[in-house]
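Peer 1: With the input below, show me the fold.
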Amino acid sequence: MNDQALREPTLLILTAIADAPRHGYAIAQEVEKISEGRTKMRTGTLYGALERLLEQQLIAVHDEEVVDGRRRRSYALAPRGREVLAAEAARIARTAQEATRRLGLGAPAAPGLLGPSDGTVTA
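Peer 2: Below you'll find the model as predicted:
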C-alpha cells in the first residue's frame, strides 16, 4: 500500500477483523455494526474485497472448513494489515482532533500542527 488513505470499505473490513478472525458473513455484520448501519456489504463486493486484501497481504486465511457442503473461510488481520490499519487510525484521529479544535469544541491541537508561538496551523 502507499501513503493514500484507505477507502472506507477497506478500513471497515480491516477493523472488523482487527480483534478476532471472522468468516465472511460475520465480517459483513461487523462492518454494518461499526458503520452504525451506514455500510452494508453485498456478498460479491465483500468477497472481491477479501480476495484483493489477501493479494495485498493485508489479511490472511485463518481457518477453512466445509459447512453444509460449502467451503467457509475465516480471515485474520496479517501483520502488514495491522500496520496499515494502525497508521490509518492514527491519521484519522489526528484529522478528527484538528477538526474538533478548529470548531472550537475544546480539544487540544494535535502535536506538530501548531506553529512555534503564533498559533498558526502548519500543514
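Peer 1: all contacts plus neighbour counts: C-alpha atoms, from now on.
Peer 2: Noted.
Peer 1: I'd guessed Met66 sits against Ser74; true?
Peer 2: One thing to correct before we go on: residue 66 is Val, not Met. No - counting by Cα atoms under 8 Å, Val66 sits too far from Ser74 to count as a contact (11.4 Å).
Peer 1: which one of the two has more residues nearby?
Peer 2: The neighbour count for Val66 versus Ser74, taken as other Cα atoms under 10 Å, is higher for Ser74 (19 against 9).
Peer 1: What helix or strand is the more buried one located in?
Peer 2: In the assignment (DSSP states H and E), Ser74 maps to strand 70-77.
Peer 1: relative orientation of the helix or strand following that strand and strand 70-77 in degrees?
Peer 2: Moving toward the C-terminus from strand 70-77, the next helix or strand (DSSP H and E) is helix 79-102. Interaxial angle, helix 79-102 versus strand 70-77 (axes from the mean of the first three to the mean of the last three Cα atoms, to 10 degrees): 60 degrees.
Peer 1: Report all helices and strands that helix 79-102 contacts.
Peer 2: helix 8-16 (3 or more Cα pairs under 8 Å, 6 or more residues apart in numbering; DSSP states H and E).
Peer 1: From the chain's centroid, how far away is the helix it packs on?
Peer 2: 4 Å (Cα atoms, centre = their mean, to the nearest Å).
Peer 1: Buried residues in it, which are they?
Peer 2: By 16 or more other Cα atoms under 10 Å, the buried positions in helix 8-16 come out as Pro9, Thr10, Leu11, Leu12, Ile13, Leu14, Thr15, Ala16.
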